[in-house]
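# how does the following fold in three dimensions:
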Amino acid sequence: MSRAANTPKSLDACPRALLRVMFEAAVAAAQPAQCLAAHLPAPPRGRTIVIGAGKAAAAMAHALEDGWKGDLCGTVVTRYGYSVPCRRIEVLEAAHPVPDEAGVRAAARIRARLNGLGPDDLVIALVSGGGSALLVEPPPGVTLADKRAMNAALLRSGATIREMNCVRRHVSGIKGGRLAVACHPARLCTLLISDIPGDDPTDIASGPTVADAGTRADALAILARHAIDVPDPVRAWLHGNDAESVKPGDPRLARTEFHIIATPQMALEAAARVARGAGLAVHILGDALEGEARDLGIALAGITRQVVRHTQPFAPPCVLLSGGETTVTVRANGRGGRNVEFLLALGIALDGLPGVHAIACDTDGVDGTEEIAGGILAPDSLERAWSLGMEPRRYLDVNDAHAFFSRLDDSVITGPTWTNVNDFRAVLIGSARR
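Numbering: from 1, shown residues only. Here you go, the predicted model:
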């Protein structure tokens, strides 16, 4: 039988549409309405107070209200534009990825909710990616301006998300388990949506309600390793003992528990089901791929070429799926972000290889600082760019991949997704060519 007869109709007819449906399935699998109710704790004898922070916090609060049988009240903070109407839980908005005054006010409001708690009370913390910037309480001697400068420097540095969150945990009055201490002596249940490679709860929103084994010395080492220039008050704070986060075994955390309700792997498996339904073989390369975005693009281009030319390690047609969070070391003043930088590097390395399409998007709908989730790459992307007078390599060199895909009308724009399970990447390989 010929290859054309074996190729799924959806692949030959509209690979772009299939990629979009896969991405949409990944996002849908991580919606709080789908995954939160199964993890609700037992009601308390006393009050139920809800707190939370992250891009999914409002949607999580809405799902909690729908599934909770008793009384409750509380406050959560989410990104501007990511609010969802709630009946009993107050929803505040603040800036992401660089914090603003609204985030400071939200942190104070959340702390106020925890006043007067007793052992019969229950606190439910709704935590998701983005909470590091949204939940802001500068420690003594550090201003919001200092925190903003620190965050901006971290985002430019090329540090991994784990490294950035280690610094954030130790330059805060609320992260690194400190919010959990504020809940004592009440029972505390944290429900988490993971946007972190490896799903370490310490790193999700910089772990406001979980113990942290890291140290301020680790944070200082990260600043030194990446030559990150932070304001003097930040560095001075990190040299003091008060910068230490709450450690495992702290008795004030004895009545705490956490449950991860949605993960990058769940999103990849949902996308895989779509691809298999279209008749394609699916290979999940990993849910925690990290490193420089452009380097990962080059690496996946090498794997893709091996599949196309030698049917190794997989035979086409197939889909290569991956998740995780790459980094971008900013070299210029382009629009970013990490998913489109990966995609442009992949496209340059593939150099128009026939039969290969790809998508790379952030599941929260925001790649970098742009209100754009990511982009789609086609075999003719470079050719179309050159016909418009665009030089692909120049766009990569100045970190301006968003502008590249926007000009090609190949950006993926979703608006708020109300979840965040990290980056989603799919390479769709049509046929073997030697």
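
# buried ones in the longest strand along the chain?
Across the chain, the longest stretch assigned as strand under DSSP state E is strand 281-289. Neighbour counts over strand 281-289 (16 or more other CB atoms under 10 Å) mark V282, H283, L285, D287, L289 as buried. Any C-beta I mention is one placed from the backbone N, CA and C, and that applies to glycine too.

# one more: stretch 327-334?
Buried residues in stretch 327-334, counting neighbours by 16+ other CB under 10 Å, are found at T327, V328, G334.

# same list (the residues you listed) but as TSV, adding secondary structure and pLDDT.
Below are the buried residues of stretch 327-334 laid out as TSV (DSSP: H, G, I helix; E, B strand; the rest coil; pLDDT from 0 to 100):
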residue	secondary structure	pLDDT
T327	strand	89
V328	coil	89
G334	coil	73
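
# can I get those residues in CSV with distance to G214?
Shown next, in CSV, are those (distance: CB to CB, whole Å):
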residue, distance to G214
T327, 19
V328, 24
G334, 32
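
# can you pull up the bridge partners for the residue nearest to V76 when sequence neighbours are not counted?
Leaving aside its chain neighbours, V76 sits nearest to G52 (3.6 Å; criterion: CB to CB, 6 or more residues apart in numbering). When bridges are called by DSSP bridges, G52 pairs up with V76, L126.

# what is the burial count for R16?
15 (other CB atoms under 10 Å).

# cool, and T48?
Here the count is done by other CB under 10 Å, and T48 has 22 residues near it.

# so who does it touch?
By CB atoms under 8 Å, 6 or more residues apart in numbering, the contact list for T48 reads W68, G70, D71, L72, C73, D121, L122, V123, I124.

# tell me the contacts of I303?
With contacts defined as CB under 8 Å, 6+ apart, the neighbours of I303 are L285, P313, L320.

# did I read that right, the second one in a helix?
No - using DSSP: H, G, I helix; E, B strand; the rest coil, the secondary structure at P313 is coil, not a helix.

# if I read this right, it contacts T304, doesn't it?
No - applying CB atoms under 8 Å as the test, P313 and T304 come out as separate, 11.3 Å apart.

# neighbour count for the two, which is higher?
Comparing P313 with T304 by other CB under 10 Å, the one with more neighbours is T304, at 23 against 9.

# tell me the contacts of that one?
Contacts of T304 were listed using CB under 8 Å, 6+ apart, and they are L320, L346, L350, L353, V356, V427, I429.

# got it, and K147?
Taking CB under 8 Å, 6+ apart as the test, what K147 contacts is P99, V136, P138, V171, V234.

# mind running it again at 6 Å?
Shown in contact with K147 (CB atoms under 6 Å, 6 or more residues apart in numbering): P99, P138.

# what helix or strand is it located in?
Element membership for K147, per DSSP states H and E: helix 144-157.

# ok, E93 next?
Secondary-structure assignment from DSSP H and E places E93 in strand 89-94.

# got the buried residues for the next helix or strand after that strand?
Downstream of strand 89-94, the first helix or strand assigned by DSSP H and E is helix 101-113. Going by neighbour count (16+ other CB under 10 Å), the buried part of helix 101-113 is A102, G103, V104, A106, A107, R109, I110, R111, R113.

# can you check stretch 175-187 too?
Buried, per 16+ other CB under 10 Å, within stretch 175-187: K175, G176, G177, R178, L179, A180, V181, A182, C183, H184, A186, R187.

# relative to S194, which of the residues you listed is nearest.
Distance to S194, by CB to CB, is smallest for K175 among these, at 16.3 Å.

# for A385, see how far away that closest one is.
42 Å (CB to CB, to the nearest Å).

# mean confidence score for stretch 195-213?
For stretch 195-213, mean pLDDT is 95.

# just the CA atoms of it, as PDB, please.
Extracted C-alpha coordinates of stretch 195-213, given in PDB (Å, rounded to 0.1, in the frame of the first residue of the first chain):
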ATOM      1  CA  ASP A 195       3.900  24.800  35.600                       C
ATOM      2  CA  ILE A 196       7.200  23.500  36.800                       C
ATOM      3  CA  PRO A 197       9.500  20.900  35.200                       C
ATOM      4  CA  GLY A 198       9.400  17.900  37.700                       C
ATOM      5  CA  ASP A 199       6.200  19.300  39.400                       C
ATOM      6  CA  ASP A 200       8.100  20.300  42.600                       C
ATOM      7  CA  PRO A 201       5.600  22.100  44.800                       C
ATOM      8  CA  THR A 202       8.400  24.200  46.300                       C
ATOM      9  CA  ASP A 203       8.800  25.900  42.900                       C
ATOM     10  CA  ILE A 204       5.100  26.400  41.900                       C
ATOM     11  CA  ALA A 205       4.500  30.100  42.600                       C
ATOM     12  CA  SER A 206       7.700  29.900  44.700                       C
ATOM     13  CA  GLY A 207       6.100  27.700  47.300                       C
ATOM     14  CA  PRO A 208       4.200  30.000  49.600                       C
ATOM     15  CA  THR A 209       2.600  27.200  51.500                       C
ATOM     16  CA  VAL A 210       5.200  24.400  51.400                       C
ATOM     17  CA  ALA A 211       8.500  23.900  53.200                       C
ATOM     18  CA  ASP A 212      11.700  24.800  51.400                       C
ATOM     19  CA  ALA A 213      15.000  22.900  51.700                       C
END
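
# all further residue positions should be reported with the first residue as 50.
Noted, 50 is the first residue going forward, which turns the last one into stretch 244-262.

# ok, and what's touching it?
By CB under 6 Å, 6+ apart, stretch 244-262 touches 102-103, 174, 176, 178, 180-181, 211, 214, 217-218, 223-226, 228-229, 239, 241, 243, 294-297, 302, 307, 309, 312, 337, 339, 373-374, 469-471.

# filter the residues you listed down to the buried ones.
Restricting the contacts of stretch 244-262 to buried positions leaves 102-103, 174, 176, 178, 180-181, 211, 214, 217-218, 223-226, 228-229, 239, 241, 243, 294-295, 302, 307, 309, 312, 339, 373-374, 469-471, with burial counted as 16+ other CB under 10 Å.

# doesn't V76 belong to a helix?
Yes - with three-state DSSP as the criterion, V76 is part of a helix.

# shaky segments in the protein?
Scanning the chain for pLDDT under 70 picks out the ranges 50-62, 480-483.

# domain parsing for it?
Listed domain ranges for the chain are 52-77+314-478, 82-311 (source: automatic domain parsing).

# and V447, what does it touch?
Applying CB under 6 Å, 6+ apart, the residues near V447 are A381, G383.

# roughly how far does it sit from P313?
Distance check for V447 against P313: by CB to CB, it reads 29 Å.

# fine, thanks again, bye for now.
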